[in-house]
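Engineer: Just need the structure, nothing else, for what follows:
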Amino acid sequence: MAEGDAGPTKALSNSFFTKKLGPLPMWLIILGGIALLYYYESRKKAGSSATATGANQQTDPAGNIGSIDPATGYVYGTPEDTAALASNNAGTGGAATGTTGTGAGGGASTYVDNNAWASAAINALVARGIDPTSANEAITEYLAGQALTSQQQADISMAIDSVGSPPTLPGPVGNPPVTQPGPPSTTLPAPPVTVNGTCSSGYTYSATQTGGQGEVPAAGGQGWCEPNAPSGGAGTVPVPVPVPAPAPTPAPVPVPAPKPGPAAPASWSFPAPTGLKASLISDSGYTISWNPVKGPQGQKPATYTVATYDASGSEVDQFDPVSTSTKEYGKGGTGLKKGTTYHTNVWANGGPKAPPHATVTVKTLS
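Structural biologist: Numbers count the residues shown, from 1 in each chain. As a prediction, this is how the structure comes out:
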């Protein structure tokens, strides 16, 4: 019975695979479909890998692939990047001051200035999965005192939780409002109080003056005293008792209005910054610093403008830092060209007239 049952099944199987669909046998069509499915899945995986890598990814000297930190030349968040940042901070000298930030790991780090804090904060955000470009924009706009999106506010909270607060907290943007002196203060005298006077014995009080014989002013207030008529006919008019006149009420002494202080000149400008210099020059950028600027009456600028140009006079980068020290690594921190001469202008923002600028010329390392 077993051999009799197997015969039709084997014949049916052989007939299905050998059956032709058009000019090709069925088994060849099935094999070709399997091959096409394998090729499609392989291409899909290769495309996903290429998309994840991204066109903007770069390879650093250590072989790491990702977004390059212009302050170190290595990919953000790599061991080489962290070591280079620590070396740069250590090389600035023990005399620099800053605030101490405590990271999520419990360790304390002291940052020389807001630029050092910004590099550490960007690396911390990248290490926690934030896109390098988004991290750089959030930190830069936060230190410049600009309005932040809800996502940027979340990134700043994450950065402060990781590395602590910056040495100098960002201030408000724009010039402070000018306070105009108010009108002079005047004090009006109190209205006089009406008090009826009194009359001595033999007199009758009268609110109005009658002009009669022997009429005298009432004592201690307003009114008049009229002599009483003698009883029993004509008689002698009583002699009025002299009443002292009330002391005059002194007039209020006017209080002089306060004089407004000297007003600022109608036309002035911040002077050009002094002490402008470049330091930490590398093949992709440099650090610049200058002395604080004050107006003719001690006014302080809200921000400074840093503008960098190449030898042909074309603008390479421009931004508005709050502090008097910053780094120039090209627009967006992509780095300057090696062995190239640049000049950077710096001026203070504010005042009714356009301010002059100071200039420093720097050549990047080859």
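
Engineer: all contacts plus neighbour counts: C-alpha atoms, from now on.
Structural biologist: OK.

Engineer: Now do the phi/psi pair for N114.
Structural biologist: phi -70, psi -30 (degrees, to the nearest 10).

Engineer: Poorly predicted segments of the stretch 101-250 of the chain, please.
Structural biologist: Along the stretch 101-250 of the chain, segments meeting pLDDT under 70 span 101-109, 171-193, 230-245.

Engineer: and if you look at the stretch 251-366 of the chain?
Structural biologist: 257-266.

Engineer: helix or strand for Y142, which one?
Structural biologist: helix 132-143 (DSSP states H and E).

Engineer: Give me the buried stretch members for the host helix or strand of Q151, please.
Structural biologist: Using DSSP H and E, Q151 maps to helix 150-163. Buried residues in helix 150-163, counted by 16 or more other C-alpha atoms under 10 Å: 152, 155-156, 158-163.

Engineer: Tabulate the residues you listed (a markdown table), appending distance to Y40.
Structural biologist: As requested, the buried residues of helix 150-163 are exported to a markdown table (distance: C-alpha to C-alpha, whole Å):
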| residue | distance to Y40 |
| --- | --- |
| Q152 | 40 |
| D155 | 40 |
| I156 | 43 |
| M158 | 42 |
| A159 | 43 |
| I160 | 46 |
| D161 | 46 |
| S162 | 44 |
| V163 | 47 |
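
Engineer: coming back round to it: could you identify the helix or strand that succeeds the helix holding Q151?
Structural biologist: Scanning forward in sequence from helix 150-163 by DSSP H and E, the next helix or strand is strand 203-206.

Engineer: Give the next helix or strand downstream of that following strand.
Structural biologist: Using DSSP H and E, the helix or strand that follows strand 203-206 in sequence is strand 216-217.

Engineer: other SSEs contacting the next helix or strand after that following strand?
Structural biologist: Under the assignment DSSP H and E, the closest C-terminal helix or strand after strand 216-217 is strand 224-227. If you count contacts as 3 or more C-alpha pairs under 8 Å, 6 or more residues apart in numbering; DSSP states H and E, strand 224-227 packs onto strand 203-206, strand 216-217.

Engineer: What pairs with strand 224-227, parallel or antiparallel?
Structural biologist: Here strand 224-227 has these sheet partners by DSSP bridges: strand 203-206 (antiparallel), strand 216-217 (antiparallel).

Engineer: export these to TSV and tack on distance to K20 and mean neighbour count?
Structural biologist: What follows is those, written out as TSV (distance: least, C-alpha to C-alpha, whole Å; neighbours: other C-alpha atoms under 10 Å):
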stretch	distance to K20	mean neighbour count
strand 203-206	143	19
strand 216-217	145	21
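
Engineer: Roughly how far does D155 sit from N123?
Structural biologist: D155 sits at a distance of 12 Å from N123 (criterion: C-alpha to C-alpha, to the nearest Å).

Engineer: now do K300
Structural biologist: Applying C-alpha to C-alpha, the value for K300 to N123 is 32 Å.

Engineer: who's more crowded, these two?
Structural biologist: Taking neighbours as other C-alpha atoms under 10 Å, K300 and N123 compare with N123 leading, 25 against 18.

Engineer: got a list of what the nearest residue to the more buried one once chain neighbours are set aside touches?
Structural biologist: Excluding the flanking residues, the one nearest N123 by C-alpha to C-alpha, 6 or more residues apart in numbering is G77, at 5.1 Å. Listed by C-alpha atoms under 8 Å, 6 or more residues apart in numbering, the contact set of G77 reads 123-124, 126-127.

Engineer: what about L125, neighbour count?
Structural biologist: Neighbours around L125, by other C-alpha under 10 Å: 25.

Engineer: That one contacts S157, correct?
Structural biologist: No. Distance between L125 and S157: 10.2 Å, which falls outside the contact criterion (C-alpha atoms under 8 Å).

Engineer: Measure how buried the closest residue to V216 other than its chain neighbours is and give me the count.
Structural biologist: Spatial nearest neighbour of V216, excluding adjacent residues (C-alpha to C-alpha, 6+ apart): C225 at 5.3 Å. By other C-alpha under 10 Å, the residues close to C225 number 26.

Engineer: quick one, what contacts C225?
Structural biologist: Neighbouring residues of C225 by C-alpha under 8 Å, 6+ apart: 198-199, 203-206, 215-218.

Engineer: Include distance to L148 when you put those residues into TSV, please.
Structural biologist: Below are the contacts of C225 laid out as TSV (distance: C-alpha to C-alpha, whole Å):
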residue	distance to L148
T198	79
C199	83
Y203	88
T204	86
Y205	82
S206	81
E215	87
V216	85
P217	81
A218	80
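
Engineer: between these, which is closest to T110?
Structural biologist: Set against T110, the nearest of those by C-alpha to C-alpha is T198 (86.0 Å).

Engineer: Distance check, P321 against E141.
Structural biologist: P321 is 10 Å from E141, by C-alpha to C-alpha.

Engineer: Tell me which of those two has more neighbours.
Structural biologist: It is P321, of P321 and E141, that has more neighbours when counted by other C-alpha under 10 Å, with 19 against 16.

Engineer: And for the spatially most central residue of the chain, nearest residue in space, chain neighbours not counted?
Structural biologist: Computing the C-alpha centroid of the chain and ranking residues by C-alpha atoms, centre = their mean puts G145 first, at 1.9 Å. Ranked by C-alpha to C-alpha, 6+ apart and with sequence neighbours excluded, the top spatial neighbour of G145 is P170, at 5.4 Å.

Engineer: Many thanks, have a good one.
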